[in-house]
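Enquirer: Provided below are the primary sequence and the corresponding predicted coordinates.
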Amino acid sequence: MVPHYFSTKNRNKIPPFQIEKMKLWNLNGLKTKQIKLFIIIFFTGFVIWGWERAPRSSILILKPDPLSIFHPADPTFVHQHPASDEDFPNEETFAQPVNKHEKILASPPFDSALTTRPFEIRNDTAEMSPQNKKGCNYGKGEWVADEKRPLYSGFRCKRFLSDGWACRLTQRPDFSYEKFRWKPEGCEMPDFDANSFLKRMQNKTIAYVGDSLGRQMFQSMMCMLTADVTADVIDIGKTFGFTQPSGSKRPNGWAYNFPSTNTTILYYWSSTLCDLEPIKKSDPLTRFAMHLDRPPAFLNQNLRKFDVLVVNTGHHWNRGKINANKWDMYINGKPNNDKKLALMWKAKNFTIHSVVKWLDNELVNLPNIRVFLRTISPRHFFNGEWDSGGQCDNNNPLSKGNLVISEFSEDSDAEGAVRGTRVRLLDITGLSRLRDEGHISKYSVNNAVKGVQDCLHWCLPGVPDTWNEILAAQL
């Protein structure tokens, strides 16, 4: 239809320049409507795409938790205890993650002359990250009620379980957090059976290397294996050179053997997965070289003795702990002069990639060893940090929901580090984030400080038992 002001009757009454102006106005108006419509369609499509791509850990829209992998460290904090003492409240926030993983500048300077041994555990290829392989994604699923839980008694596992982590020995009045099990989506995770597991692990050694959360996983496994097993358990820590360093409250590791199946379970303390060595051995007050591109010497010396290895790091990567422990970052055997790499989150990511790369290279000659990088365990401090009134005294299980629906790990740094390697991902971050009621909270036994809650470590029995069930299922 021709607009009325362009009709033949009116055209002669309007100056030519005004006709052209009205034409242009009408054209621009039409273009404006089209542009607005295009913007609306584009924005709507972008929002839908972002919603589908974004990780979701619950059926609810959650308020972001102060996960240690998402927050920078507090530079004012100074860790007052020796490096081997990890008890809360000396845990602190971790550094901010990097979205693009740092390229490893140099491979660790270690030679490999290791032999292989027969091993019956399933031998999958490692061309892709475990999260992207076909099959079961154990990090995706739901928490379901299970009255048959827990898997062991916090009262009867005193030999292996630290008093401060055995919440049944504290004044805590509620234990509903013990009555849940993890159910992965689309695959079966068999109930854990200690006798069956020990038979499968006959003549095998399972090693945990990491920080205090790794030690919790180790203690959990020892309690799970001795819940219904009457066989003797022998302390063989001296075999691996475990000693109690001067000034430390505990040894640098533990190792136990089950003679009935000759199965060994051990833990070695390495909070950063870096090799540490004194700069001046003759000086009792010496500082220590923290080699970001070298795995702990313990790993280099003992890797060929292991059949299963689980490594983790995370909560010790902050300036306060590194300075207090007199650790100086080193690269290629020399002090690090790269200011970018001196940033905590970059140093942490560099180290994780370096350790994984070293392990991947070693596994070429040790194809029967199963190596897992465990993702970071989330913290749940609400309304403050550990030293500023932060709390986690919720006693309502699964108040945030019970589902993890993302195909990807919440710990993207760890997931990216293992991608394309022979090292597998043990993804526990998302499922653990839903269990804030499972922390020790205000019911500490040892080193309790008034007003301070432990929202980092977990009650045992508790969430770390699930980590071991997932490990057992992947074996």
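Expert: Cool, the structure landed.
Enquirer: For the rest of this, base every contact and every neighbour count on C-alpha atoms.
Expert: OK.
Enquirer: And the helices in the stretch 151-300 of the chain, which stretches?
Expert: 194-200, 212-226, 297-302 (DSSP state H, counting those that start in this stretch).
Enquirer: Going by neighbour count, which residues of stretch 214-234 are buried?
Expert: Using 16 or more other C-alpha atoms under 10 Å as the test for burial, stretch 214-234 gives 214-227, 233.
Enquirer: again with stretch 148-160
Expert: Neighbour counts over stretch 148-160 (16+ other C-alpha under 10 Å) mark 149-154, 157, 160 as buried.
Enquirer: per-residue confidence for residue 382?
Expert: pLDDT, residue 382: 80.
Enquirer: The nearest residue to residue 172 once chain neighbours are set aside sits in which helix or strand?
Expert: Excluding the flanking residues, the one nearest residue 172 by C-alpha to C-alpha, 6 or more residues apart in numbering is residue 443, at 5.9 Å. Secondary structure from DSSP states H and E places residue 443 outside every helix and strand.
Enquirer: before we move on, what about residue 464?
Expert: helix 463-474.
Enquirer: Over to residue 330?
Expert: For residue 330, the host element (DSSP H and E) is strand 327-331.
Enquirer: what packs against that strand?
Expert: Using 3 or more C-alpha pairs under 8 Å, 6 or more residues apart in numbering; DSSP states H and E as the contact test, the elements touching strand 327-331 are strand 288-291.
Enquirer: Let me see the mean pLDDT of the strand it packs on.
Expert: On average, strand 288-291 scores 97.
Enquirer: Please save the CA atoms from that strand in PDB.
Expert: The C-alpha coordinates for strand 288-291 follow below in PDB (Å, rounded to 0.1, in the frame of the first residue of the first chain):
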ATOM      1  CA  PHE A 288      63.600 -24.700  50.700                       C
ATOM      2  CA  ALA A 289      63.500 -24.800  46.900                       C
ATOM      3  CA  MET A 290      60.000 -25.500  45.800                       C
ATOM      4  CA  HIS A 291      60.500 -27.100  42.300                       C
END
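Enquirer: Can you name every helix or strand that that strand contacts?
Expert: strand 275-278, strand 327-331.
Enquirer: Which helix or strand in the chain has the lowest average pLDDT?
Expert: None of the helices or strands of the chain scores lower by mean pLDDT, DSSP states H and E than helix 8-11, at a mean of 50.
Enquirer: picking that back up, mind listing what's buried along the helix holding residue 464?
Expert: Neighbour-count burial for helix 463-474 [16+ other C-alpha under 10 Å]: 463-472, 474.
Enquirer: again, but for stretch 193-206
Expert: Buried, per 16+ other C-alpha under 10 Å, within stretch 193-206: 194, 198, 200-206.
Enquirer: Who does residue 424 form a beta bridge with?
Expert: Listed by DSSP bridges, the beta-bridge partners for residue 424 are residue 372.
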